[in-house]
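Q: heads up, no residue letters with this:
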């Protein structure tokens, strides 16, 4: 088993690589810029916001049981419930 690098040696290596001077290679700069712009957000969540709430543990248990019975995720059930609420209040059913 290979010994892990210590924090001190990692910092030393990092400071030595910074002393080498600025990167002038155009491809290296482009690769660095590309790496910086990569998002860790999954593509199916881009442009969406999380809605959360705090409920008793039995609420989650009941949701999971219904989800198993109906083969639905909690997100699908919440979307359906929100669309019902929107319809009840005369709003477009936009939750997907």
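A: Received the coordinates, thanks. Just so it is clear, the model here is predicted, and its values are computed rather than measured. Numbers count the residues shown, from 1 in each chain.

Q: just the strands in this protein please.
A: For the chain, applying DSSP state E gives no strands.

Q: Find the least confident helix or strand in it, judged by mean pLDDT.
A: helix 26-37 (a mean of 67; mean pLDDT, DSSP states H and E).

Q: Mind pulling up the pLDDT for the residue nearest in space to the middle of the chain?
A: Centroid-nearest residue in the chain, with CA atoms, centre = their mean: residue 41, separated by 4.4 Å. Looking at residue 41, its pLDDT reads 87.

Q: and the gap between it and residue 93?
A: Distance, residue 41 to residue 93, using CB to CB, to the nearest Å: 26 Å. Quick note: C-beta positions are derived from backbone N, CA and C, even for glycine.

Q: What of residue 26?
A: Per CB to CB, residue 26 is found 51 Å from residue 93.

Q: For burial, what's the neighbour tally of residue 76?
A: The tally of other residues near residue 76 (other CB atoms under 10 Å) stands at 14.

Q: The residue nearest to it when sequence neighbours are not counted - how many residues pack around it?
A: Among residues not flanking residue 76 along the chain, residue 67 sits closest, at 7.9 Å (CB to CB, 6 or more residues apart in numbering). Residue 67 sits with 15 neighbouring residues when counted by other CB under 10 Å.

Q: Residue 67: what's it in contact with?
A: Counting by CB atoms under 8 Å, 6 or more residues apart in numbering, residue 67 touches 73, 74, 76, 77.

Q: do that again at 7 Å, thanks
A: Residue 67 is in contact with 73, 74, 77, counting by CB atoms under 7 Å, 6 or more residues apart in numbering.

Q: Neighbour-wise, give me the winner out of these.
A: Within these, most neighbours by other CB under 10 Å means residue 77, with 15 neighbours.

Q: just to revisit the earlier point, okay, residue 26 and residue 93: which has more neighbours?
A: Using other CB under 10 Å, the more surrounded residue of residue 26 and residue 93 is residue 93, with 13 against 8.

Q: what about stretch 70-79, distance to the chain center?
A: 19 Å (CA atoms, centre = their mean, to the nearest Å).
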